[in-house]
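In: okay, predicted coordinates and the sequence, questions at the end:
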Amino acid sequence: MSLQEKLYKHLPIFLQNVACSIKGQKIAKRRYAPEFFKMFESLRYRDRITKKEMEQLQLKRLRKSLETAYENSTYYRNLFDSLRFSPQNLEDFSQLAMFPILSKQTIQENLSSMINRSIPQNEVTEATTSGTTGAGLVFPITLECEWETWSIWWRYRYAHGITFDTWCAVFGARNIVPLGQKKPPFWRTVSPTKQIMFSMHHLNKNSITSYVDAFNKSKIPWIHGHPSTISNFASLMLESGLKLDYQIEHISIGSENLLEHQIYLINEAFGTQPIQHYGLTEPVANISMCEHGKLHIDEDYSYVELLPIDNNSDKYRLIGTSFSNDALLFLRYDTNDIITLAEEQQCPCGRSGRIIESIEGRKDDYIIMRDGTKIGRLSTLFREQMHIKEAQIRQEKDGKVVFYIAKSEYYTDEDENNLIKEIEARLDIDYEIVHVDNIPKTKGGKLKFVISDYEGKEK
Ligand SMILES: [Zn+2]
């Protein structure tokens, strides 16, 4: 804990609110600078260009990114020279295939020779990715890159009617309310960014009434957060028979995949269909849901390659090349995420971005069956399970699979039998169902859906 955090913990609540607003003001000043709004307007225009215009824009941006890397990064200069490639001669996307797929590990090992040192320190910030194996990556991003990423997120929000003036209830991971605080308010107000930050660590059966009261009092129209936290909020409301006395207009989720039973709980509690987008700290891919509920790749943001996993599937690895981060180029970066492409590639919204059927989740969101077969898309096991609050699947060292289930009060023997039927119909595994009160989250507040400690081999 930093000195600042220690001090914050001991401030009275009204001063904590002031401290949050000062911090918010600082973030807003950098993130929402005049250049940001200029960029936002041009991005909104770019959203509607034709497929052909998009390809021209991509080629231009790709060439510029590669040129910048060649001029300023030892790693990329050596790589391009060794392949006799000169970026100004880039004519075609197919030329990218000559470069190896870039892993997070390669960046970690070569970071100092990869980054562009010609950019002044005050024009870059440090970005951190959490990493599923615990190995995080810290890398520099430029202000332009930060503005573009926020512009793309705001473009998606605007498409759904959310504006810069819409107040947002954020269920985030930050320890904004000290853990020792036992009485409400379990939230802090950040006026400059129009946010009320709700603590996810204080959310439980005893405190739920105070959360609902805070919503009813503020009439806040928009909720944003991890789906596991928002669905936990929803489920606590349903169990306690509590309702909001107004209609929440927007629920947007990020950071984790949205699972079927979570959509059900959120719909039941709020009567609002959640919207989602896919984004990463690494500026290599962004996917936004449009007004018609389709997930489009934001083709103007980066160059996304979809590499087939095998010949007979519609699943692809998501590989991305960054356009906007002059401080560090991500060239054919492996996101480790798997997506399914939609069969129907036309959307009434008119955007030309490729349409994704579903984001399958991490490449490691799989378990291995007795015969060595790898099985993913496990969330579908819970498709019919509406009385589950949280679920986690863990494959142990010896191959046994444990389903950790936090059930709601409506969960019956019938639900359990249906789950058993579903598991046994689809998976040839040794397994056990274990009931728990709740499932521990990662340091970043995420619920990891599949964890594997399995030491055997897939076939
Ligand atoms: Zn669309």
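Out: All right, it came through fine. This is a predicted model, so every value here is computed, not measured. Numbering: from 1, shown residues only.

In: for the closest residue to residue 351 other than its chain neighbours, which residues are in contact?
Out: Among residues not flanking residue 351 along the chain, residue 296 sits closest, at 5.1 Å (Cβ to Cβ, 6 or more residues apart in numbering). To be clear about C-beta, it is placed using only N, CA and C from the backbone, and glycine gets the same treatment. Contacts for residue 296 (Cβ atoms under 8 Å, 6 or more residues apart in numbering) come out as 287, 288, 289, 290, 347, 349, 351, 353, 354, 355, 356.

In: which strand or helix spans residue 296?
Out: Secondary structure from DSSP states H and E places residue 296 in strand 295-297.

In: parallel or antiparallel, which strands does that strand pair with?
Out: Paired neighbours of strand 295-297 in the sheet (DSSP bridges): strand 286-289 (antiparallel), strand 355-362 (antiparallel).

In: check whether residue 345 really touches residue 355, as I assumed.
Out: Yes. Here residue 345 lies in contact with residue 355, judged by Cβ atoms under 8 Å, at a distance of 5.5 Å.

In: who's more crowded, these two?
Out: With other Cβ atoms under 10 Å as the criterion, residue 345 and residue 355 differ in neighbour count, and residue 355 comes out ahead with 20 against 11.

In: identify the residues contacting that one.
Out: 294, 295, 296, 297, 341, 342, 344, 345, 347.

In: from the ion, how far out is it?
Out: When distance is defined by Cβ to the ion, to the nearest Å, residue 355 is 7 Å away from the ion.

In: equivalent analysis for residue 113, please.
Out: Distance of residue 113 to the ion, computed by Cβ to the ion: 41 Å.

In: name the element that residue belongs to?
Out: Per DSSP H and E, the secondary structure element for residue 113 is helix 104-114.

In: which of the residues in that helix are buried?
Out: 104, 107, 110, 114 (16 or more other Cβ atoms under 10 Å).

In: tell me the one among the residues you listed nearest to residue 171.
Out: Checking the buried residues of helix 104-114 against residue 171 by Cβ to Cβ gives residue 104 as the nearest, at 27.4 Å.

In: beta partners of the residue lying closest to that closest one once chain neighbours are set aside?
Out: Leaving aside its chain neighbours, residue 104 sits nearest to residue 137 (5.5 Å; criterion: Cβ to Cβ, 6+ apart). Using DSSP bridges, the beta-bridge partners of residue 137 come out as residue 129.

In: surely residue 137 meets residue 103?
Out: No. Counting by Cβ under 8 Å, residue 137 stays clear of residue 103, with 10.4 Å between them.

In: which one of these two is surrounded by more residues?
Out: Neighbours around residue 137 and residue 103, counted as other Cβ under 10 Å, are more numerous at residue 137. The numbers are 16 against 13.

In: now the more buried one: how far from the ion?
Out: Distance, residue 137 to the ion, using Cβ to the ion: 32 Å.

In: one more: residue 151?
Out: 19 Å.

In: quick one, what contacts that residue?
Out: Neighbour list for residue 151: 36, 39, 40, 43 [criterion: Cβ under 8 Å, 6+ apart].

In: picking up where we left off before, specify the beta-bridge partners of the residue nearest to residue 351.
Out: Residue 296 has these beta-bridge partners by DSSP bridges: residue 288, residue 355.
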